[in-house]
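>>> fold the following.
(2 chains)
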Amino acid sequence: MSGFARLQLLVYMALRSLWAHKVKSLIVGSLIGFGTMLFVLGTALLDSIEGAIERSVVHSLSGHLQVYSADGKDELAIFGDMTMGGADWGRIDDFAVIDEVISKVDNVEAVVPMGINTAYMTRGSDLERTLGRMREMVRAGQVADARALVPKVKRLVGLLDADLRNQLVIAGEDSAAELKEKLARAERAASDALWATFDSEPLSVLEFLDTRVAPLAGEGRVMFIRYVGTDLGRFAEHFDRLKVVRGEMVPDGRRGILINQKYADRVLKIAAARLLDDLAEAREASIPIEGTAELAAKARRLKTQGGAIELMLDPDDAEALALKLATLLGVETERNGEALDLGVLLELFLTVDDDNAIARHAFFYEQVAPLVDVYPFSVGDVVTIRAWTRNNALKAVNVRVWGTFVFEGLERSELTGAANLLDLMTFRELYGQMTATDRAELEAIRDEVGVEFVGRDNAEDALFGGGDSVEIDIGADDDFDAVAEADLKREKRTMAVSEEFDAEMNRKGLVLNAAIMLEDGDRIAESKAAIAAAAEAAGLKLKVVDWQEASGVLGQLALVVRVILYIAIFIIFAVALVIINNSMLMATMERVREIGTLRAIGAQRGFVMAMFLLETLVLGLIAGGLGALAGAGIVIWLGNVGIPAQNEIMVFIFSGNRLFPTVGAEHLGLGVIIILIVSLVSTWYPARMATRVEPIEAMRGAD
Amino acid sequence: MKPIVELMDVVKEFPLGKVTVRALRGVSLQIGRGEFVAIAGPSGSGKTTLLNQVGCVDTPTRGTVRIDGQSTSELAESALTKLRLHKLGFIFQTFNLVPVLDLAQNVELPLLLKGGLTRGERDRRVREIVDQVGLTEQLGQRPNELSGGQRQRVAIARALVTGPNIVLADEPTANLDSATGEQILDLMERLNRDQETTFIFSTHDSRVMAHARRLVTLVDGKISSDEATEAAA
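Numbers count the residues shown, from 1 in each chain, chains lettered A, B, ... in the order given. I've put the predicted structure just below:
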């Protein structure tokens, strides 16, 4: 009964004493309050961010867990690493086996096979593509339509001609003869004599151009591409962020690639469009172009893009566009009696500043884009993907682009935007997994073009050691072109596009890694251990990693931020600790007589100790409580309005364009516990000093 | 009758730098229940040191101090504290009230430390003793709202509220004007008579000494005289 009364009295004394020393209480209180607010706010935000990163990572590519071969020398990095696809993650020879084992583990929702690789992609030169279109038209009996493209072909040939002449000027003796021969072919392509036969024998004219002239223009644009080879059906079923925006999903049992919309917009799009996008976006955000070095450089680059656009225009379109541009720009179409050149108009049009960027961007997409190929290929096109197999052989496969997709909520993120999705069969082929027929076929190609097998052991000699039988330059080299031509001509190669396979073929066979989706995502650690155990029991040499490990640096990001936050909070509380300790020590000294009196009239040391501890504790709980509430209030407010993602990395971290953080009881609870600890630790020493005060101190006269 | 306070050959030495100060040089003294004793003597004669020995806030270097038959040298710190709580009451020269507590709370404090009483009982005792010191009207006031005399009355109430055997007062009137000092002494005398509590107080004021029924005079740490006064008659 009186024990409680004594506690009541102590709390009362603590409150009175705090009130009596208002300034001290205010300073210490603000410090504790601020620290607690920061703690609650920080941990709540971090937990929300961690959850968001998890949603981004888990539901876009990694799944909750990833497995890969224990033989791999490098650590799995789903979102890429510094090796540009050269990392060695080992391989899993038969996915069906691990699927069988892992699917049976409790809490596993699905196992999705994967193979990640970096390759490059080509889609032929403008000339090649125009010829292709013409050939299709002729075959479809639309000779007149094909004929309409003749001026364009002539223009492209003209450019080729000019290019060869320039080369001839700077070329040395030994290559002059070769160049002259090439030039002769180009001249023939431009000659009226050839085109005179077009109406009667269009296909043979096209055949000549296709095989003898088009190769002179080189490969066209080469694009690096990172893809995840997977069972696309399974992937789409379990990675629910995947959303096809153009075209369609690759049908089950068909080969094909889905291009990431972000990759298409950031990498594939023609430079003029990309640059305009960037500049207009910056202006939408009111960022000045002049004065922002990066943007100014982009504006300068944009100015030079007119030529590329001009080349892609059909002659009729070019004329119409010139008029529209002249109207837009308010210039005369004629100057000094001469028609103003489209090139000049385009350069003027692409001269963008702070005021016109947004309008030019809009005009470009309304008027220019429909006339040119903004993307190097469109949905339904077939592209050639070339990758180095594990045997250092170059493998080329033609695949159909079925559509483009986004990871919903992560549309702006370049991290998830870099991944394209490829069917597993094509992945395996590009990886270099060969069937017996493949092998025989490869031998045939090697014989045909005289390419030697270059393995790891003799690669250096073969490539750099004077042997000239192997060259791997892309585009310029004849030997290589021969491979490409041989590829293209072979019906079997092109057949790959239409080849079908069944689900079992997809399941059985090589993958590099596999994503595991769990039913309950909160039991990651537990399931990780269970899967590792199951794999070991089945004799599979697998490494099991969680999404954080699998995403490389990215997964550690939250951890890094957390460490920084904890250090900051630690410093604040350390300062609070020192200040509280000091001020309580001062209080002890000031209150020696009071303490002595209490001891003299019969208060035990414990009472004095409790008196001092309670004083800080009460202050800590009041100030810390207010701080925690303030922190929670801020989080709740942020949770309502959302924190906007400033850039594409933040889109990924926030798992969307805005983060809506939440605060939980655990954040407040932990905050209170920390206050208790800080209060008690900081007052421990002064309180002990207070208990040492002798009752005799009360007897000393007033000084 | 057995004495309530018994000092036998008490020596108290303090180290002060390199020299040792001998504050008490062999004091023997017996005080019985209900006595009203003044300890007198010039400054530095050892009055306060003697009082500290009796008050159990200090123990002798040599010799024995017995309070109600219990030797203080044999007791641990916490036992001494308990002894003070149960058998002693203190009145200080500088009043020494707890500034953050009001009058009633200051008086109630020893009862709370003692424990074992209901709120009702505590309230009753506080009212009773505060009434006896004549401060009922000031019950809710804080020390800084009271005059010096009033504060010392509160201190007296606090010292007596637990019903101690002995009340020790170290120069209780030193910080008060003479008229107030008289009133305080009158109060102490009255309480001594009414409650049969032993009062021992130190002073160097002759008017104060005049109230005592027994006067012990100290000079240089020794008792120079111990006699009954006219007031005893």
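>>> run the contact check for stretch B:24-43 versus chain A.
No. No part of stretch B:24-43 sits near chain A under the criterion Cβ under 8 Å from any Cβ of the partner chain; the closest distance found is 10.2 Å. All C-beta atoms are positioned from the backbone trio N, CA, C, and that covers glycine.
>>> end-to-end on that stretch?
Its start and end residues considered, stretch B:24-43 measures 13 Å (Cα to Cα, to the nearest Å).
>>> low-confidence ranges in chain B?
Applying pLDDT under 70 to chain B flags the ranges B:1, B:231-233.
>>> the residue of the stretch 301-450 of chain A found nearest chain B: neighbouring residues, count only.
Scanning the stretch 301-450 of chain A for proximity to chain B using Cβ to the nearest Cβ identifies residue A:409 as nearest, at 58.0 Å. Here the count is done by other Cβ atoms under 10 Å in any protein chain shown, and residue A:409 has 22 residues near it.
>>> mind pulling up the phi and psi values for it?
Torsion angles at residue A:409 (phi, psi; degrees, to the nearest 10) stand at phi 90, psi -20.
>>> need the residues of chain A near chain B, please.
With Cβ under 8 Å from any Cβ as the criterion, chain A comes near chain B at residues A:1-3, A:5-6, A:9, A:12-13, A:16-17, A:19-20, A:593-594, A:596-605, A:607, A:694-696, A:698-699, A:701-702.
>>> report the central residue of chain B.
In chain B, the centroid-proximal residue (Cα atoms, centre = their mean) is residue B:168; its distance is 1.0 Å.
>>> make that chain A, sorry
Centre-most residue of chain A, counting by Cα atoms, centre = their mean: residue A:415, 0.8 Å.
>>> which SSE is it in?
Secondary structure assigned from DSSP states H and E places residue A:415 in helix A:414-417.
>>> tell me the strands beside the helix or strand that that helix is followed by, with direction?
Using DSSP H and E, the next helix or strand after helix A:414-417 towards the C-terminus is strand A:419-423. Strand A:419-423 has these partner strands in its sheet, going by DSSP bridges: strand A:222-230 (parallel), strand A:257-260 (antiparallel).
>>> counting contacts, what elements does the helix or strand following strand A:419-423 pack onto?
Once strand A:419-423 ends, the next helix or strand along the chain (criterion: DSSP H and E) is helix A:424-431. Applying 3 or more Cβ pairs under 8 Å, 6 or more residues apart in numbering or on different chains; DSSP states H and E, one finds that helix A:424-431 contacts strand A:108-122, strand A:222-230, strand A:382-388, strand A:394-407, helix A:503-507.
>>> swap the cut-off to 6 Å and go again
With contacts defined as 3 or more Cβ pairs under 6 Å, 6 or more residues apart in numbering or on different chains; DSSP states H and E, the secondary structure elements packing on helix A:424-431 are strand A:222-230, strand A:394-407.
>>> who's in contact with the longest one?
This points to strand A:394-407. In this structure, residues lying in contact with strand A:394-407 by Cβ atoms under 6 Å, 6 or more residues apart in numbering or on different chains are A:60, A:241-248, A:250, A:255-259, A:261, A:264, A:377, A:379, A:381-387, A:389, A:416, A:426, A:429-430, A:487, A:494, A:496-497.
>>> show the buried residues in those residues.
For the contacts of strand A:394-407, a neighbour count by 16 or more other Cβ atoms under 10 Å in any protein chain shown gives the buried set as A:60, A:241-242, A:244, A:246-247, A:250, A:255-259, A:261, A:264, A:377, A:379, A:382-387, A:416, A:426, A:429-430, A:487, A:496.
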